[in-house]
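In: What would the 3D arrangement of this be:
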Amino acid sequence: MKDESTPGVAIRLNQVTKTYGSGNAVVTAVKSTTLDIFNNEFFTLLGPSGCGKTTLLRLIGGFEYPTAGTILLGGEDIASVPPFQRPINTVFQNYALFPHMTVAQNIGFGLRMLKRPRHEIAARVDEMLKLVRLENLSDRRTSQISGGQQQRVALARALASEPKVLLLDESLSALDYKLRKEMQMELKSLQAATGITFIFVTHDQEEALTMSDRVAVLSSGEIMQVGTPHEVYIKPANHFVANFVGETNFLQGRGLNSDDRGAVIDVRGVGAVAIATKDRVAPGQLVNIVVRPEHLRILPLAQEPAGQLTGSVKAVSFCGAETQYTVELSRGAAVVTVRRYNTPEENLPIAIGDEVSVNFTPNSAQILPA
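Out: Modelled structure (predicted):
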């Protein structure tokens, strides 16, 4: 079956479901998922362990077959096509390199299995070595190179056969923090240079936001939200996304009134708080005000009159570029986290036990159903 309805779509999942077991022991890993992933896109499946992201990746790669639904690659239904017949390659978490082979031999392995001519293999291996900047290590065994270099070899091997889609299954998780940050930029650069669609699986929110063109956030086998990193972070679709992607403060309250300019919420223990929103909030409706820690402004109460929120500092954590404050709001309303960048202009002496004023602008918060 071929579907020509949407040009530019690399992978289309249409009502895909995956279950395991039978009878009363049925477990649904993926629930009726519909999703388009575009050509030349860096797309990330993000979520906690057990959310279904790896199962989705395995379904696309052909390592699992869907219980229901269709998977289209360039308009062709590949749901029942075995992995080796799909123009899709995978970089696994452990890289799966051959330790007895050299870097060049590993990169050319797939091409040899495809019985490509020797001169073509040699030229393509040289091209891949330059792409991942490993020309000087071509004759080194992969057991004799670093973790970051091994990851580049795995990427080069997967890209050598010019797949239409490259799948990456938490392929940065084994690297240390500094190297992982470097490889995030390398992966994004490789994707842009090759024009191949990358589908990346991770539970690391920062990783997903850093590299992706778009992100799908999953929970319990369902997609909660699909959007750009900015959309997912700034405008989370629901409580789960807001809580999972980055740190978030939730202030519960009930609607007082709303109009086209925004809403006024009566926050328990705080009072009336104005929020800029296009969504109408009915009087008495229970809602959560969602505000990120970096969107809160903190000042010693002695230096600024009481603002929207006041409270007492319970913890202070210096994090290098920023300092994080845990503030217990007055009248037992809630505990909020505030992050402030450590610039000379913001170098205020706030310590544990200090009374502080905490404020945010109406445009920096969002309202979600409680």
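
In: which parts of stretch 64-76 are buried?
Out: With burial defined by 16 or more other Cβ atoms under 10 Å, the residues of stretch 64-76 counted as buried are 64, 66, 69, 70, 71, 72, 73, 74. Where C-beta positions appear, they are placed from N, C-alpha and C, glycine not excepted.

In: could you point out which element follows the lengthiest helix in the chain?
Out: Ranked by number of residues, the top helix in the chain under DSSP state H is helix 177-194. Sequence order places strand 197-202 as the next helix or strand after helix 177-194, per DSSP states H and E.

In: Please name every helix or strand in contact with that next one.
Out: Under the contact criterion of 3 or more Cβ pairs under 8 Å, 6 or more residues apart in numbering; DSSP states H and E, strand 197-202 touches strand 9-20, strand 27-38, strand 42-46, helix 53-61, strand 165-169, helix 177-194, helix 205-211.

In: Other residues contacting the fourth one?
Out: Yep, that's helix 53-61 we're talking about. 11, 13, 16, 18, 29-30, 33, 45-47, 64-66, 71, 83, 86, 88, 90, 165, 167, 169-170, 199, 201, 203, 218, 221 (Cβ atoms under 8 Å, 6 or more residues apart in numbering).

In: Over that helix, what's the mean pLDDT, rounded is fine.
Out: Taken as a whole, helix 53-61 carries a mean pLDDT of 95.

In: Output that helix in PDB with nothing but the alpha carbons.
Out: These are the backbone C-alpha positions of helix 53-61, laid out as PDB (Å, rounded to 0.1, in the frame of the first residue of the first chain):
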ATOM      1  CA  LYS A  53       9.500   5.200  23.500                       C
ATOM      2  CA  THR A  54      11.900   2.300  22.800                       C
ATOM      3  CA  THR A  55       9.000   0.100  21.700                       C
ATOM      4  CA  LEU A  56       8.100   2.800  19.200                       C
ATOM      5  CA  LEU A  57      11.700   2.900  17.900                       C
ATOM      6  CA  ARG A  58      11.800  -0.900  17.600                       C
ATOM      7  CA  LEU A  59       8.500  -0.800  15.700                       C
ATOM      8  CA  ILE A  60      10.000   1.700  13.200                       C
ATOM      9  CA  GLY A  61      13.200  -0.400  12.900                       C
END
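
In: Between strand 9-20 and it, find me the angle.
Out: Counting by axes from the mean of the first three to the mean of the last three Cα atoms, to 10 degrees, helix 53-61 lies at 120 degrees to strand 9-20.

In: what angle sits between helix 53-61 and strand 197-202?
Out: Our comparison of helix 53-61 with strand 197-202, counting by the same axes, to 10 degrees, yields an angle of 150 degrees.

In: Helix 53-61 to strand 27-38, inter-axis angle?
Out: Relative orientation of helix 53-61 versus strand 27-38 (the same axes, to 10 degrees): 60 degrees.

In: which secondary structure elements does whichever helix or strand comes after helix 53-61 contact?
Out: Going down the chain from helix 53-61, the next helix or strand is strand 68-73, by DSSP H and E. With contacts defined as 3+ Cβ pairs under 8 Å, 6+ apart, strand 68-73 has these neighbours: strand 9-20, strand 27-38.

In: after strand 68-73 comes which helix or strand?
Out: Criterion used, DSSP H and E; the element after strand 68-73 is strand 76-77.

In: Report the distance from that following strand to the chain centre.
Out: Remark: strand 76-77 is offset 27 Å from the chain centroid, using Cα atoms, centre = their mean, to the nearest Å.

In: Against which helices or strands is that strand packed?
Out: Helices and strands touching strand 76-77, by 3+ Cβ pairs under 8 Å, 6+ apart: there are none.
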